[in-house]
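**Student:** okay, here's the prediction I keep looking at, along with the sequence it came from:
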Amino acid sequence: SEVADLAICYMLGLARDAFYIDRNVRNGIWVKPTGISTKDKTVGIMGLGDIGINIAKRAQAHEMNVIGWDPYTSKDTEGIRIYDWPKNIDKCDFLIFACALTDTTYHIFDKSILNLISNGIRIVNISRGDLIDEDALMDGLNTGKIASAALDVFKKEPLDSKHKIISHPKCILGSHNGSNTIDAVDRASKESIKLLNKMLRE
């Protein structure tokens with residue numbers, strides 16, 4: 001799916017500091033940060049619905065180890081080791097949020113999780129802003145516990161121009177635009193027309 005593609009795009013961008021490099025080069029600064037390879041790294045995916053499974057398949061193509069958490073999935077599937085949240089989060093080099101926002105997932109990433117994650121983890125959220133406590137995220141980024149983050153969603157959208165994350169150099173910020181491609185819009189439009197035609201004929 002298009003959202004899964006964006007999640008992987010963000011993950012790779014964080015792994016190689018691609019967006020950070022781009023911003024600096026445009027400002028005349030020839031930076032050469034040392035990124036990390038994805039091969040043999042571990043990515044944890046919160047939420048293993050259609051999007052989460054598609055993220056996992058793409059991560060596996062990069063020869064990554066994939067673990068996941070999902071209350072509706074109790075056994076290992078698609079080569080993903082399933083655990084109860086937040087077991088084994090300390091093993092993750094990357095953490096991707098792809099679950100729905102519910103009473104139980106609200107701020108599922110909070111300050112208590114900062115004590116469990118490994119130093120230098122990279123975080124991606126392509127689902128809902130309130131899955132992550134933004135104060136906890138900023139604390140992690142400011143201390144270096146979190147190396148970088150890519151967020152397509154936020155607690156308040158559009159993102160406030162004074163939000164502290166805007167000034168953080170190692171973050172990728174999106175506009176809640178994960179599924180918006182020409183191909184996806186075309187498919188959705190054709191499916192809508194197909195359904196309307198079916199309804200009119202009944």
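**Tutor:** Received, thanks.
**Student:** endpoint to endpoint, stretch 78-85 covers what distance?
**Tutor:** In stretch 78-85, first residue to last residue: 19 Å (CA to CA, to the nearest Å).
**Student:** the longest helix anywhere in the chain: which residues count as buried?
**Tutor:** Determined from DSSP state H, the single longest helix within the chain is helix 182-201. Within helix 182-201, no residue is scored as buried using 16 or more other CB atoms under 10 Å. Every residue, glycine included, has its C-beta placed from N, CA and C.
**Student:** quick one: contacts of it?
**Tutor:** residue 2 (CB atoms under 8 Å, 6 or more residues apart in numbering).
**Student:** average pLDDT across that helix?
**Tutor:** The pLDDT scores in helix 182-201 average 74.
**Student:** ranges for the strands of the protein?
**Tutor:** 42-46, 65-69, 81-83, 94-97, 121-125, 146-151, 171-173 (DSSP state E).
**Student:** looking at those, spot the one closest to residue 18.
**Tutor:** strand 171-173 (8.8 Å; CB to CB).
**Student:** ok, and what's touching that closest one?
**Tutor:** By CB under 8 Å, 6+ apart, the list of residues contacting strand 171-173 reads 10, 13, 14, 19, 141, 148, 149, 150, 151, 159, 165, 166.
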